[in-house]
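1. need the 3D shape of this:
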Amino acid sequence: MDQILSKVGSYWMGQKANKEFDSVGDDINSLSSSIGDGTKWLVNKIKGKMQKSLSELLKEHDLPIGIFPQDATHYEFDETTRKLTVYVPQICEVGYKDSSVLRFDKIVTGYLDKGKLADIEGLKTKVMIWVKVSSISTDGPKLHVMAGLKKTRRREAYEVLRDGFSVDKF
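-> Coordinates of the predicted model:
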């Protein structure tokens, strides 16, 4: 009788342990879906998912790596919705070798596709006055910046990462 109770007890304990381990996995998944923007990367790191660099992501989508400031390294990219959110440490301006200037808010969002970043929020360019940039696209050696009207620039000017210079307001 003791042997039977021992086997039933160890079977029951094993089943209970499996349920607890499954529950922990579910808890981690629900935690990752319920926490805020800036900490999802930590949960992904714990789960073993490594995020590629922002430069790699831009290259993968045929966009020049210098369209964001050098210190904008933290980002989130939802592969299903294609939404890209880039976190810039401070409001800043970046000057490029073709004399163009982009101004970045602390959070820049847009929808990333092959050769295009569309529906951009948090980015301006200077065209006599500061104008909101709505999309950036590439076409071979050209970079098209849509800011009210399409401004075509040389892509090579945006292929180098540049530092942003702090400004007071967006």
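
2. who's in contact with the closest residue to residue 154 other than its chain neighbours?
-> Of all residues not flanking residue 154 in the chain, residue 98 sits nearest, at 5.7 Å (C-beta to C-beta, 6 or more residues apart in numbering). In short, each C-beta sits where N, CA and C put it, glycine included. By C-beta atoms under 8 Å, 6 or more residues apart in numbering, the residues touching residue 98 are 153-154, 157.

3. please indicate which of the residues you listed are buried?
-> Buried members of the contacts of residue 98, counted by 16 or more other C-beta atoms under 10 Å: 153, 157.

4. got the contacts of residue 98 as a markdown table, with pLDDT columns?
-> As requested, the contacts of residue 98 are exported to a markdown table (pLDDT from 0 to 100):
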| residue | pLDDT |
| --- | --- |
| 153 | 92 |
| 154 | 92 |
| 157 | 91 |
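
5. check the secondary structure at the residue nearest to residue 154 for me.
-> Following DSSP: H, G, I helix; E, B strand; the rest coil, we place residue 98 in the coil state.

6. what about it? Give its phi and psi, please.
-> phi -90, psi 20 (degrees, to the nearest 10).

7. from the contacts of residue 98, which land in strands?
-> Within the contacts of residue 98, residues falling in strands by DSSP state E are 153-154.

8. on the three-state scheme, the closest residue to residue 81 other than its chain neighbours is what?
-> In this structure, residue 81 finds its nearest non-sequential neighbour in residue 111, 7.5 Å apart by C-beta to C-beta, 6+ apart. Of the three states, residue 111 takes strand according to three-state DSSP.
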